[in-house]
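Q: test case, fold it:
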Amino acid sequence: MRRSKSGIGYLCAAALVVGIAGAVSAEERPPYTIGALRKLGRGVANLATCPLELVRMTTLVGRRDGNLAALSVGLIQGTWRAALRGLAGAYEVTTFVIPLPRGFPPVMPPEFVYAHGD
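A: Modelled structure (predicted):
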């Protein structure tokens, strides 16, 4: 009875070590399927949230340069970035199976509209 409990303990410890080693090696370079699914999810999120660029850019310009700049320059920049984010999202959704750019990095920074909390 005692041997089987310690055997289970050794088996659990070995599984934990193998699991940690697998996670560490997976962080170095994500496999194809994870990169492709990340690209697909990012594309869908960018398509859905591209209108938020209007709010985001207007707010950022308003904080930096004032309300008049927010209503003029911020609105123009927000419209431009919303269009670009929508196109980038459409590109990522349609090409998620193709590893371009190499390694599936985001096409447009930041990766998501409010990725940095601004």
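
Q: mind listing the helices for the protein?
A: Ranges of helices in the chain, per DSSP state H, are 2-28, 32-49, 52-65, 67-69, 75-94.

Q: tell me the phi and psi of Ile99?
A: Slight slip there: residue 99 is Pro, not Ile. Dihedral pair for Pro99: phi -80, psi 60, per degrees, to the nearest 10.

Q: look at it and say how many residues are nearby.
A: Counted with other C-beta atoms under 10 Å, residues neighbouring Pro99 total 13. (Glycine included, C-beta is placed from N, CA and C.)

Q: contacts only, for it.
A: 32, 35-36 (C-beta atoms under 8 Å, 6 or more residues apart in numbering).

Q: which among the residues you listed count as buried?
A: 35-36 (16 or more other C-beta atoms under 10 Å).

Q: which of the contacts of Pro99 lies closest to Gln77?
A: Taking C-beta to C-beta as the measure, Gln77 lies nearest Gly35 of those, at 30.3 Å.

Q: test my guess that that closest one contacts Pro105.
A: No - the criterion here is C-beta atoms under 8 Å, and Gly35 misses it with Pro105 at 9.2 Å.

Q: could I get the contacts of Pro99 as JSON lines with pLDDT?
A: Shown next, in JSON lines, are those (pLDDT from 0 to 100):
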{"residue": "Tyr32", "pLDDT": "91"}
{"residue": "Gly35", "pLDDT": "93"}
{"residue": "Ala36", "pLDDT": "94"}
